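K.L.:
output the structure for:
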Amino acid sequence: MNKVAIVTGGNAGLGFATARKLSNNGVKTYVIGRSEDKTYKACTDIGENAVPYIFDLNDLDNIPGMIKDIANNGNIDILVNNAGINLKKDFIDVTDEEFLSIINTNVLSVFSISREVSKIMKKNNGGSIVNISSMASQYGLPKVIAYSASKGAIESMTRAMAVELAPFGIRVNCIAPGFIKTNMSSKALDDDSERKEKVLSRTPMGILGEPSNIADAVYFYALQESSFVTGTVLPVDGGNSIGF
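P.N.:
Numbering: from 1, shown residues only. Here you go, the predicted model:
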């Protein structure tokens, strides 16, 4: 296949499943993570096509250098903006600093890395950018005000980027995961049985999703099977967004 991908936050959860899916299908995949031990272990577990790259995406000033470094080793065909953090806290108790921290990681870093990768893709006549949103952007969820705001921004940016980049052969799409079995969702649901029951009761399929479900959707968006698709937001949620 000879394609090159970047997966941010690729050392755990949805990012790990995505990096593994791409790598197992012959895509050289740069796994971006802050923790050296965690990122190297993830790449060892994934296999030879996974390349660890230790970087903190909050370091916006050095994102252009990181992308240039990766592009020096070849083209960048696929970017998966998966990295993100959450904060579960009552709205009235969230500080400005906490809100800004979520926006920095979940929005500004996506903007910056997408801008730099788009420059590379434009030179090489195309590519695919896949953003990871959340069902938190689709309807009101209590206690995740900053996270919800950040993911709403991601979906709006997806549409704007798709229109502006389409003339250069660059497609931009977004996946909005429902409730998936990850460490992040476990922290949010396992200590809140009422919330977990509500999630499952309004999910027609009646179960939590698997990280591989998201990886499969990313794979579709990343490659030529979706060559006429751009600017879309795909819920992968077992029907949660339309459940009654």
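
K.L.:
from here on, contacts and neighbour counts on C-alpha atoms
P.N.:
Fine.

K.L.:
which residues does the most centrally placed residue in the chain contact?
P.N.:
Most central in the chain under C-alpha atoms, centre = their mean is N82, positioned 2.0 Å from the mean C-alpha point. Taking C-alpha atoms under 8 Å, 6 or more residues apart in numbering, we find N82 in contact with 7-10, 14-15, 131-132.

K.L.:
tell me which of those residues is nearest to S118?
P.N.:
N131 (13.4 Å; C-alpha to C-alpha).

K.L.:
so that closest one sits in a strand?
P.N.:
Yes: with DSSP: H, G, I helix; E, B strand; the rest coil as the criterion, N131 is part of a strand.

K.L.:
which residue ranges form the strands in the chain?
P.N.:
Assigned by DSSP state E, the strands in the chain fall at 4-8, 28-33, 50-54, 78-81, 127-132, 170-177, 233-236.

K.L.:
so which elements touch the first one?
P.N.:
The elements that strand 4-8 packs onto, with contact taken as 3 or more C-alpha pairs under 8 Å, 6 or more residues apart in numbering; DSSP states H and E, are helix 13-24, strand 28-33, strand 78-81.

K.L.:
dump it to PDB, keeping only the CA atoms.
P.N.:
What follows is strand 4-8, C-alpha atoms only, in PDB (Å, rounded to 0.1, in the frame of the first residue of the first chain):
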ATOM      1  CA  VAL A   4       1.800   6.900   5.700                       C
ATOM      2  CA  ALA A   5      -0.600   7.800   8.500                       C
ATOM      3  CA  ILE A   6      -0.400   9.800  11.700                       C
ATOM      4  CA  VAL A   7      -2.700   8.800  14.600                       C
ATOM      5  CA  THR A   8      -2.600  11.200  17.600                       C
END
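
K.L.:
just checking: what are the partner strands of it?
P.N.:
With DSSP bridges as the test, strand 4-8 is paired with strand 28-33 (parallel), strand 78-81 (parallel).

K.L.:
of all those strands, which one comes closest to F220?
P.N.:
Closest to F220 of the strands paired with strand 4-8, according to C-alpha to C-alpha: strand 78-81, at 11.6 Å.

K.L.:
which residues does the closest one contact?
P.N.:
Contacts for strand 78-81 (C-alpha under 8 Å, 6+ apart): 3-8, 110, 114, 117, 127-132, 218, 222.

K.L.:
and if we set it to 7 Å?
P.N.:
By C-alpha atoms under 7 Å, 6 or more residues apart in numbering, the residues outside strand 78-81 that reach it are 4-8, 110, 127-132, 222.

K.L.:
closest one of those residues to I207?
P.N.:
Distances from I207 to the contacts of strand 78-81, taken by C-alpha to C-alpha, are shortest for I132, at 20.5 Å.

K.L.:
dump the strands of the chain into TSV; add mean pLDDT, distance to I103 and mean neighbour count as well.
P.N.:
Below are those laid out as TSV (pLDDT from 0 to 100; distance: least, C-alpha to C-alpha, whole Å; neighbours: other C-alpha atoms under 10 Å):
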stretch	mean pLDDT	distance to I103	mean neighbour count
strand 4-8	98	16	26
strand 28-33	98	18	26
strand 50-54	98	21	22
strand 78-81	98	14	27
strand 127-132	98	14	27
strand 170-177	97	17	25
strand 233-236	97	20	19
